[in-house]
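[1] Following is a predicted model, sequence given first.
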Amino acid sequence: MSTPLDLCRWMRAKNFTLSARRAWPAIADADFAALTWPRLERTIDFYLGFEARRRSNIKTIKTEPKASSNIDLADGSAFVLTARRTVSS
């Protein structure tokens with residue numbers, strides 16, 4: 001089983017590969033390569049570092065937990081809002 005740090009290292013490598021492909025025309029510009037690209041690298045590293053620290057304390061990630069909420073309408077009836085699907089990773 002991989003650790004949160006392993007996942008973030010993989011995400012960093014994948015992100016840099018995709019970013020470099022998409023930004024290739026801009027990277028040829030010396031100003032972009034010198035000023036903007038390093039800032040993008042630091043931003044990616046900051047976010048992935050945050051994710052690695054956060055994920056080490058999480059056992060399950062639920063992107064849409066089961067829940068419902070009753071909403072009283074003006075005519076006195078109730079509307080029930082529900083989320084039925086639970087996705088965990």
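    In hand now; what should we look at?
[2] so where do the strands sit in this structure?
    Assigned by DSSP state E, the strands in the chain fall at 67-72, 78-83.
[3] For residue 82, which non-adjacent residue is closest in space?
    Nearest non-adjacent residue to residue 82, counting by C-beta to C-beta, 6 or more residues apart in numbering: residue 68, 4.3 Å away. The way it works is simple: take the backbone N, C-alpha and C, and place the C-beta from them, glycine included.
[4] before we move on, what about residue 72?
    With C-beta to C-beta, 6+ apart as the criterion, residue 72 has its nearest non-adjacent residue at 5.7 Å, and that residue is residue 78.
[5] Look up how far residue 33 lies from residue 10.
    Per C-beta to C-beta, to the nearest Å, residue 10 is found 25 Å from residue 33.
[6] Low-confidence ranges, this structure, go.
    1-5, 7, 61-65, 84-89 (pLDDT under 70).
[7] in the protein, which spans are helices?
    Counting by DSSP state H, the chain has helices at residues 4-27, 30-31, 37-55.
[8] can you list those helices in TSV and add distance to residue 83 and mean neighbour count?
    Formatted as TSV, those follow (distance: least, C-beta to C-beta, whole Å; neighbours: other C-beta atoms under 10 Å):
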stretch	distance to residue 83	mean neighbour count
helix 4-27	26	13
helix 30-31	47	8
helix 37-55	23	13
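[9] Looking at the ones you listed, which is nearest to residue 82?
    Evaluated over the helices of the chain, closeness to residue 82 peaks at helix 37-55, with 28.0 Å, by C-beta to C-beta.
[10] Provide the count of other residues in contact range of the residue nearest to residue 82.
    Counted with other C-beta atoms under 10 Å, residues neighbouring residue 68 total 9.
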